[in-house]
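[1] Sequence isn't available, so here's the structure alone:
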């Protein structure tokens, strides 16, 4: 007999349905039938009938024709009967998972976008799905607007690639960022970005506060790139005195300066065919900025005191906690160099913006240090975890209070207080909107 106040399975499903299935008008607007052909067909694959029904209703609310399958085998049978425009599949499907379905579709229906949906988001599964060719990866529960926007994008991709199929085989190994923990939406976006650009040649700029894992992301980019068999050479620009940094980066020849009793290769030569990582690039002097720009443009350099050009083949990955756009406006960072290193940018969220990752990080570090010390992995008590969560929340609130106090302290008479940069941009946006 059920306890008073407890929910029956049917009512629990209804509550879950209300949480997922938001029928309020979308701020993005409905996707009208005029915007796409009426034959757009969606295949939903999930071994839980109630969940499959919810996702199907979400897709149908945008006017799509939806077919449901409860296993990989059933999905393959449906696909054999008639083609689909998008496949939404759960990652875990009993003996065969959604990745098995993805692999099959990559070989027989490469143009069909596949979206993996799961309630157990992990770094490995997210990165593996993207590297194998998944169109996107969503964590449950998903909302109506998210499904609508994703399906619209997937249909657009399907149409754009349908006329230009390419017979390629995805042989790149799955990315595993073993040293980075977290499965919040912000971190999943980081994993997906790393997966998409790891194989390219373009320069990458990693943005984030100190301690957000910029070097870990840089190492992941290198280890999953075609340059992985060559050197990853990190250097912290701010940690090396100005007088030594030029030699550290570009090398020097014998006799170039007092004490140069022999020639020495610099970072870029050491990283030939590999990846040099320039941490805190915002601290680079104007003179060295000009020399770095030449390396990027010409793929060549001159050592300190040398006359001969040395050819190098490198993919530069840089990182900074500074706002380089502001530095460009102030004239302290070269604009041409900024655009050269910022071909692709990866912003890393601070921990205070991803509190949901704290339990994951705690578990990650406990396991890591237990392995290093060859002891049994300790458990984090609920009270200890709660204390960590409170500490992060207080730190975030303290930062906001500090900003308010600073603004008040800087106000003089009728002058406006100087707001933090993000607050100033929001205020300026409101002023423009109202003609201010």
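    The structure has been received and is ready for your questions. Everything quoted here is computed from the prediction, not taken from an experiment.

[2] List the contacts of residue 72.
    Neighbouring residues of residue 72 by C-beta atoms under 8 Å, 6 or more residues apart in numbering: 45, 93, 96-98, 100-101, 104. Bear in mind the C-beta positions are built from the backbone N, C-alpha and C, glycine included.

[3] Next one: residue 112 from residue 103, what distance?
    Taking C-beta to C-beta, to the nearest Å as the measure, residue 112 falls 13 Å from residue 103.

[4] what about those two, which has more around it?
    Residue environment comparison for residue 112 versus residue 103 gives the larger neighbour count to residue 112, 21 against 13, counting by other C-beta atoms under 10 Å.

[5] Please settle this for me: is that one part of a strand?
    No: secondary structure of residue 112 (DSSP: H, G, I helix; E, B strand; the rest coil): coil, not part of a strand.

[6] Remind me which helix or strand residue 318 belongs to.
    The secondary structure element spanning residue 318 is strand 317-320 (assigned by DSSP states H and E).

[7] From the contact counts, what lies against that strand?
    strand 204-207, helix 214-223, strand 275-279 (3 or more C-beta pairs under 8 Å, 6 or more residues apart in numbering; DSSP states H and E).

[8] Could you pull out the strands in the stretch 251-400 of the chain for me?
    Counting by DSSP state E, counting those that start in this stretch, the segments of the stretch 251-400 of the chain that form strands are 275-279, 300-301, 310-311, 317-320, 344-347.

[9] Of those strands, which stretch is the most buried?
    strand 317-320 (a mean of 26; mean count of other C-beta atoms under 10 Å).

[10] what lines up beside that one in the sheet?
    Strand 317-320 has its sheet partners listed here by DSSP bridges as strand 204-207 (parallel), strand 275-279 (parallel).

[11] Quick one: closest of the ones you listed to residue 108.
    When these are ranked by distance to residue 108, counting by C-beta to C-beta, first place goes to strand 204-207 at 34.1 Å.

[12] rewinding a little: just put the helices and strands packed on strand 317-320 in TSV and tack on distance to residue 269.
    Shown next, in TSV, are the helices and strands packed on strand 317-320 (distance: least, C-beta to C-beta, whole Å):
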stretch	distance to residue 269
strand 204-207	21
helix 214-223	17
strand 275-279	10
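
[13] Would you mind giving the ones you listed as JSON lines with mean pLDDT and distance to residue 285 added?
    Rendered in JSON lines, the data for these read as follows (pLDDT from 0 to 100; distance: least, C-beta to C-beta, whole Å):
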{"stretch": "strand 204-207", "mean pLDDT": "95", "distance to residue 285": "18"}
{"stretch": "helix 214-223", "mean pLDDT": "90", "distance to residue 285": "21"}
{"stretch": "strand 275-279", "mean pLDDT": "94", "distance to residue 285": "13"}
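
[14] Please name whichever of these is nearest to residue 328.
    strand 204-207 (12.7 Å).

[15] Run through who's touching that closest one.
    Strand 204-207 is contacted from outside by 197, 214, 217-218, 221, 281, 315-321, 324, 341-348, using C-beta under 8 Å, 6+ apart.

[16] Can you report how many residues lie near residue 209?
    Residues contacting residue 209 under the criterion other C-beta under 10 Å number 12.

[17] residue ranges of the helices in the stretch 201-350 of the chain, please?
    According to DSSP state H, counting those that start in this stretch, the stretch 201-350 of the chain carries its helices in the segments 214-223, 242-250, 267-270, 286-298, 324-330, 335-341.

[18] Enumerate every residue touching the closest residue to residue 93 other than its chain neighbours.
    Leaving out its chain neighbours, the residue that sits closest to residue 93 by C-beta to C-beta, 6 or more residues apart in numbering is residue 47, at 5.2 Å. When contacts are counted by C-beta under 8 Å, 6+ apart, residue 47 touches 70-71, 90, 92-94.

[19] Need the worst-confidence member of the residues you listed.
    Across those, no position has a lower pLDDT than residue 94, which has 72.

[20] what is the rounded mean pLDDT of the strand holding residue 318?
    In this model, strand 317-320 has a mean pLDDT of 95.

[21] Give me the contacts around it.
    Strand 317-320 is contacted from outside by 203-208, 214-215, 218, 221-222, 275-282, 341, using C-beta under 8 Å, 6+ apart.

[22] follow-up on the earlier one: please identify the deepest-packed of the helices and strands packed on strand 317-320.
    Each of the helices and strands packed on strand 317-320 was scored by mean neighbour count; the highest is strand 275-279, a mean of 24, by mean count of other C-beta under 10 Å.

[23] Next, the angle from that one to helix 242-250.
    Between the direction of strand 275-279 and that of helix 242-250, the angle (axes from the mean of the first three to the mean of the last three C-alpha atoms, to 10 degrees) works out to 160 degrees.

[24] contacting residues for the closest residue to residue 239 other than its chain neighbours?
    Nearest in space to residue 239, with sequence neighbours left out and distances taken as C-beta to C-beta, 6+ apart, is residue 280 at 7.9 Å. Listed by C-beta under 8 Å, 6+ apart, the contact set of residue 280 reads 236-239, 319-322.

[25] For the residues you listed, which two are the farthest from each other?
    By the measure C-beta to C-beta, 239 and 322 form the most distant pair in the contacts of residue 280, at 15.1 Å.
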